[in-house]
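**Student:** structure for this input, please:
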Amino acid sequence: MTRIATRAYPFRTAELLRQQGVHPVLARLYAARGLVDVKDLASELNALIAPSGLLHIDAAAVFLADAIAAGKKMVIVADYDCDGATACAVALRGLRALGAQVDFIVPNRFEYGYGLTPEIVALTAQEKSPDIIITVDNGIASI
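**Tutor:** The predicted structure is shown next:
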């Protein structure tokens, strides 16, 4: 059964977004997700945060560099949708260009559901026997 849940949103924020040219429906959606300024919607490359702004990015870079140098087997776990496939391809190509031994798995969402689950981790371990599992596009709800 399909269930639709309505998320509360700050009316004033939605109205400010609407006054900045955002469609009223989108303004309500964005306000419900915590966006407060139309500048947050910019999709140009220079509008993205610098990688150095990501939490623990230096430790992650060192971890991956050490794993590549040690020849550790990595597996990327990705989602089946467009952004999941894109993230998987970018990670796969980037890591391979750096010399990584890397493979990928895209679990069947109808069998395993969305996000990173214990079942998907077990499937990845069983089918790919990785030293390291890397996730892309699994969303914050998977944590």
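**Student:** going by C-alpha atoms from here, please, whenever you check contacts or count neighbours.
**Tutor:** Will do.
**Student:** can you tell me the SS state at Glu127?
**Tutor:** Of the three states, Glu127 takes helix under DSSP: H, G, I helix; E, B strand; the rest coil.
**Student:** what's the burial count for it?
**Tutor:** For Glu127, the neighbour count with other C-alpha atoms under 10 Å is 9.
**Student:** can you offset everything so residue one is 17?
**Tutor:** Taking 17 as the first residue, the last one we looked at is Glu143.
**Student:** measure it to Gly131 for me?
**Tutor:** As judged by C-alpha to C-alpha, to the nearest Å, Glu143 and Gly131 stand 18 Å apart.
**Student:** low-scoring stretches of this structure, by residue?
**Tutor:** Flagging of the chain using pLDDT under 70 yields the residue ranges 155-159.
**Student:** longest helix anywhere in it?
**Tutor:** Criterion DSSP state H: the longest helix present in the chain is helix 98-113.
**Student:** what lines up beside the helix or strand that that helix is followed by in the sheet?
**Tutor:** Next along the chain after helix 98-113, taking DSSP states H and E as the criterion, comes strand 117-121. Take DSSP bridges as the rule and strand 117-121 pairs in its sheet with strand 89-93 (parallel).
**Student:** neighbours of the closest residue to Asn154 other than its chain neighbours, how many?
**Tutor:** Nearest-residue entry for Asn154: Gly131, 4.8 Å, with adjacent residues in sequence omitted and distances by C-alpha to C-alpha, 6 or more residues apart in numbering. Counted by other C-alpha under 10 Å, the residues lying close to Gly131 total 21.
**Student:** was I right about Gly131 contacting Tyr96?
**Tutor:** No. Using C-alpha atoms under 8 Å, Gly131 is not in contact with Tyr96, being 10.2 Å away.
**Student:** before I go, just wanted to say thanks for your time.
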